[in-house]
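J.: Test case, fold it:
(one chain, ligands or ions: 1)
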Amino acid sequence: MKHSLLLIATAFASVAPWLPARAEIVNVSTPNTSLILDAEKGGDLKILHYGDRLSEADMALLKEAGAINRSAYPVYGIFPQAEAAMSVTHADGNMTTAVEVTGVTSATAPDGATVTTVAMRDKVYPFDLNVNYRTYPGEDVIETWVDVKNNEKGTVKLNRFMSGYLPVRYGDVWLSQLYGTWANEGRLSQTPLNHGVRMIKNKDGVRNSHTAHAEIMLSLDGKPQENTGRTIGAALEYSGNYKLFIDTDDTDYHHFFAGINEENSTYNLKKGESFVTPPLALTYSDEGLSGVSRNFHRWGRNHRLHAGNKERKVLLNSWEGVYFDIDEPGMAGMMKDIADMGGELFVMDDGWFGDKYPRDNDSSSLGDWVVDTDKLPNGIQGLLDTAKANGIKFGIWIEPEMTNSVSELYEKHPEYIIKAANRPATEGRGGTQLVLDLANPKVQDIVFTVVDTLMRKYPDIDYIKWDANAPIMDHGSQYLTADNQSHLYIDYHKGFETVLNRIREAHPDVTIQACASGGGRANWGVLPWFDEFWTSDNNDALQRIYMQWGTSYFFPAIAMGSHISASPNHQTFRRIPVKFRADVAMSGRLGLELQPKNMTDEEKGIVKQAISDYKSIRPIVQFGDIYRLVSPYDGKGIASLMYVTPEKDDAVFYWWKTETFMNQQLPRVVMAGLDPEKTYKVTELNRIDNEPLSFEGKSFTGKYLMSNGLEIPLTHKVDYHKNTDYASRILRLTAE
Ligand code: DGJ
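T.: Numbering: from 1, shown residues only. This next block holds a predicted model:
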């Protein structure tokens, strides 16, 4: 169904007799959702409805039914008791703002995206505030953001500048959010919204998705369900510090706000200057949490993720295989091994660079992006040639936003680092890591040049792993003036975007991974320039089920780097058979993170089969619709999900046992997302059992699979000495 965006001005008054004659109804509709606003000239912008798409008849009776009818973007000052989305100190010191609508415009870009802008101005001060809404054909996501312009005589201080606000009717509303930490990212928390304020925030300065995520879901019908129930999703598209909060006060609404974290970030707008907030993406589905995920995934792949419609390669990354022990024979061996197993790309991680200070560990060399010729006598070209000889592509690790106090870059330019005046710089990883000040245009040039030089010299580089392993450790910019020190967090990320725009203009085709000490940069504000993110430095397959489950709420499998690592695992020391490790990794963007020469031939055989099977299901995993079935967080002993093509003619079903007990009782999993009328043939992938499953090669209707599922055996039928405490299954369901 085509999306429609209607601007029904005064004419709408005839179908909505309760509206004043001057009322201007702005109907921002998508195929299945409606955001209805009242943008009456001279009045405040009001939100009337957000949720299911409304018919004209229902829209006409909104008031009788009880429209929201609250400010769509509350500003601070008049009746200051309520939370506001924006708070401003005007040039003369006045702390109140009171805006009125001056007009509504709508423009459609060549890619079909339509932006509706409600223009507002303070009733007294020449301070402009526009609220924007963007929709895309066929997508159920609405992005909203504001831009302000200071036309006053002096500087205006922006004290708070949220991207958006949404009132949600008070009720049995549950919040789903992600929390965690390094090596345990993307944990899911689901709790009811009680009275008071719930805040989700980030203050790292550089990375923003380790400890919390800038995305939430709100389930409106009580305890969250995966495939039923009215659910709102919200994702702040921003790479820097954020604040999301929900104030459940004494009104009939839960008040949701999201935007840049304003703490210690007052932004001074000089006369004539503008400020644009990052977008907040909103979506709604009556198909539960998975419905919201599907909306985000589809919109993200089509409109946000860089090259979101291009298949991702199966890769081997060198980090856990050799850590800093990079050398030419070692790299060549890994390239041959991944090529032999059917992989398509080899990525050389940290440790390849440094001249005066070779990068042998994490205490030096960042910023000195020249090859260490003791380790790699034939340089990057030699590695590219070896990759080519093996029929695979080559990728490389960099960490361009950073330096070490032990580096030639720092020796030459100590003024480029982030540092507070009159104090020594705090040093991070390795005891010497420092963050470059991206607010400084000269630093932006340096960071751009790292990538540009590599790509110009070696255009065959196919993939860059862009890492970032430090937070902002001192609030201080050597570039910003004393009165603008509070701009640091924001200007760092403006600089980051400027650099990324330049990189993408010059090098649109190279695949770039957003890695940041593992999963520190999983955010839609990062992905327009990156093809994927590194989900976590923890590759333990069992723990990954939980992390990837949470991450999948907002991000599609195509963007989620998911690697088969060694056993025992390097983070948890857990021993997990390679079959299970492969079955988990195959639910994201499959890769390997180990030293292949330490694998047994049998393990190599299983991985080879897994890579081949993955290639056959890659379009379903990377472009399909997700249906989560049984959550690992529900403690049922299993987790299960599936991906289904939009045409519902092909699907992959994943089933992982999350705990093992003798004579355990596990639920039978009922599938979802299939066409009840179609018949699907079942084929097991990555099979290790001595005999096929009873339903192997048999066909079942979608209706049967969605009301009964299939009985999955609790264990594998393998030779006695091969039994382990792990079991998992991947089933392909092909419509006949
Ligand atoms: C942190 C990343 O998350 C790892 O994958 C690896 O690239 C190291 N940095 C290298 O220093």
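J.: Next one, pLDDT for the closest residue to Ala65 other than its chain neighbours please.
T.: With sequence-adjacent residues excluded and distances taken as C-beta to C-beta, 6 or more residues apart in numbering, Ala65 is closest to Asp58, at 7.5 Å. For glycine as for every other residue, the C-beta is placed from the backbone atoms N, C-alpha and C. Reading off the confidence values, Asp58 has pLDDT 94.
J.: that's a helix at Asp58, yeah?
T.: Yes - Asp58: assigned to a helix according to DSSP: H, G, I helix; E, B strand; the rest coil.
J.: Hmm, it is touching Asp52, no?
T.: No - the pair Asp58 and Asp52 does not pass the contact test of C-beta atoms under 8 Å, sitting 9.2 Å apart.
J.: For the stretch 401-550 of the chain, just list every one of the strands.
T.: In order along the chain, the stretch 401-550 of the chain carries the following strands (DSSP state E, counting those that start in this stretch): 402-404, 433-435, 461-466, 511-514, 532-534.
J.: ok, and which of those strands has the densest surroundings?
T.: Greatest average neighbour count among those goes to strand 532-534 (a mean of 28), per mean count of other C-beta atoms under 10 Å.
J.: Could you give the separation of that strand from the chain centroid?
T.: Using C-alpha atoms, centre = their mean, to the nearest Å, we find the averaged C-alpha position of strand 532-534 to lie 9 Å away from the chain's own average C-alpha position.
J.: Could you do stretch 397-409 as well?
T.: Its chain's average C-alpha position is 26 Å from that of stretch 397-409, according to C-alpha atoms, centre = their mean.
J.: Same check on stretch 84-98?
T.: That offset, for stretch 84-98, works out to 33 Å (C-alpha atoms, centre = their mean).
J.: Contacts only, for the closest residue to the ligand within the stretch 301-450 of the chain.
T.: When C-beta to the nearest ligand atom is the measure, the stretch 301-450 of the chain has its nearest residue to the ligand at Asp350, with 3.6 Å between them. The contact partners of Asp350, taken as C-beta atoms under 8 Å, 6 or more residues apart in numbering, are Trp319, Tyr323, Phe324, Arg359, Asp362, Trp397, Glu399, Asp467.
J.: Please tell me I have it right and Thr228 contacts Leu289.
T.: No - between Thr228 and Leu289 there is no contact under C-beta under 8 Å: 9.5 Å.
J.: Comparing the two, which residue is more hemmed in?
T.: Using other C-beta atoms under 10 Å, the more surrounded residue of Thr228 and Leu289 is Leu289, with 26 against 16.
J.: Pretty sure that one sits against Asp221.
T.: No - judged on C-beta under 8 Å, Leu289 makes no contact with Asp221 at a distance of 11.5 Å.
J.: mind putting the strands of the stretch 401-550 of the chain in CSV, distance to the ligand and mean pLDDT included?
T.: As requested, those are arranged in CSV below (distance: least, C-beta to the nearest ligand atom, whole Å; pLDDT from 0 to 100):
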stretch, distance to the ligand, mean pLDDT
strand 402-404, 10, 98
strand 433-435, 10, 98
strand 461-466, 6, 99
strand 511-514, 9, 99
strand 532-534, 6, 98
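J.: For Gly77, find the nearest of those.
T.: For the strands of the stretch 401-550 of the chain, the distance to Gly77 is smallest for strand 433-435, at 36.4 Å, taking C-beta to C-beta.
J.: Quick one: the helices in the stretch 201-350 of the chain, in order.
T.: Along the stretch 201-350 of the chain, the segments classed as helices by DSSP state H, counting those that start in this stretch run 288-299, 319-322, 328-340.
J.: which bits of the stretch 501-650 of the chain sit near the ligand?
T.: Remark: the part of the stretch 501-650 of the chain in contact with the ligand comprises Cys515, Ser517, Gly518, Trp534, Asp537, using C-beta under 6 Å from any ligand atom.
J.: re earlier: give the ChimeraX command for selecting the buried subset of the contacts of Asp350.
T.: To isolate the buried subset of these in ChimeraX, counting by 16 or more other C-beta atoms under 10 Å, use the following:
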select :319,324,359,362,397,399,467
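J.: Can you lay out the contacts of Asp350 as a markdown table showing distance to the ligand?
T.: Converted to a markdown table, the contacts of Asp350 look like this (distance: C-beta to the nearest ligand atom, whole Å):
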| residue | distance to the ligand |
| --- | --- |
| Trp319 | 5 |
| Tyr323 | 8 |
| Phe324 | 8 |
| Arg359 | 9 |
| Asp362 | 6 |
| Trp397 | 6 |
| Glu399 | 7 |
| Asp467 | 5 |
